[in-house]
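1. missing the sequence, but the structure's below:
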């Protein structure tokens with residue numbers, strides 16, 4: 001948390017220029033393509049990384065489907081998770097986020113730039129609408145990040161919680177590839193108090209996707225179990241072996 005507030009403090013002087021720029025581009029998608037807006041998001045993430053002395057190592061980009069939409073399902077560790085994935089994912093992608101956490105400064109601007117979805121966990125009807133919208137957009141070629149755990153524990157030490165089967169309905173409805181994503185040490189930048197302002201390294205592993213033909217006979221409970229197992233194997237292997 002110390003690093004989180006430090007990054008905000010050290011970039012306050014950029015806010016009068018950067019925030020209006022982000023809001024303007026978000027309001028005028030007819031002027032700024034998805035790629036252009038995504039490039040701005042990645043620029044902001046790069047500023048955050050450099051200020052916070054955060055280094056992210058990316059693995060398995062060759063596993064990402066070359067064409068069409070897909071859904072990435074990562075384990076959830078903290079505030080840096082989406083940023084770490086986006087800075088590692090060259091092509092435009094977006095995400096689904098808890099409505100209650102989506103209105104703080106910078107978070108709001110990133111959501112609007114990426115045309116991300118806000119999910120109200122207390123409103124079943126709204127949640128179903130979001131699922132259907134995501135499924136439709138994925139069929140049309142968009143790429144989404146969805147966290148099947150739904151939340152995270154502070155300073156979680158690379159532990160993985162329960163994957164909610166309902167989160168996989170988007171991919172199933174779209175008959176789209178499911179890309180498991182293993183995040184390692186992603187809790188350290190903004191959801192740990194032990195590192196202070198020192199340098200921190202996180203890892204993003206894009207694992208081999210499950211195509212529709214691979215999971216069409218499975219229930220969402222079984223898909224959730226399979227994806228969690230694949231992610232857990234990588235997190236266990238790398239979080240203890242420390243390849244860097």
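-> Nice, thanks for sending it over. What you see is a predicted model, and the numbers here were worked out from it, not measured in a lab. Numbering: from 1, shown residues only.
2. in the strand or helix carrying residue 231, which residues are buried?
-> For residue 231, the host element (DSSP states H and E) is helix 220-241. Of the residues in helix 220-241, 220, 223, 224, 226, 227, 228, 230, 231, 232, 234, 235, 238 count as buried by neighbour count, 16 or more other CB atoms under 10 Å. Backbone N, C-alpha and C define where each C-beta goes, glycine included.
3. which secondary structure elements does it sit against?
-> When contacts are defined as 3 or more CB pairs under 8 Å, 6 or more residues apart in numbering; DSSP states H and E, helix 220-241 sits against strand 70-74, helix 169-174, strand 178-184, strand 200-206.
4. list the buried residues of the last one.
-> The neighbour-count check on strand 200-206 (16+ other CB under 10 Å) flags 200, 202, 203, 204, 205, 206 as buried.
5. what about the helix or strand that that strand is followed by, distance to the chain center?
-> Beyond strand 200-206 on the C-terminal side, the first helix or strand identified by DSSP H and E is helix 212-215. Its chain's C-alpha centre and that of helix 212-215 lie 23 Å apart, by CA atoms, centre = their mean, to the nearest Å.
6. so for helix 212-215, mean pLDDT?
-> Computed over helix 212-215, the mean pLDDT rounds to 98.
7. from residue 186, how far off is the residue nearest to the spatial centre of the chain?
-> Nearest residue to the geometric centre of the chain (CA atoms, centre = their mean): residue 82, 3.1 Å. With distances taken as CB to CB, to the nearest Å, residue 82 is found 10 Å from residue 186.
8. same question for residue 144.
-> 18 Å.
9. and if you look at residue 91?
-> Going from residue 91 to residue 186 by CB to CB gives 21 Å.
10. picking up where we left off before, now the angle from the helix holding residue 231 to strand 70-74?
-> Angle of helix 220-241 versus strand 70-74, following axes from the mean of the first three to the mean of the last three CA atoms, to 10 degrees, is 50 degrees.
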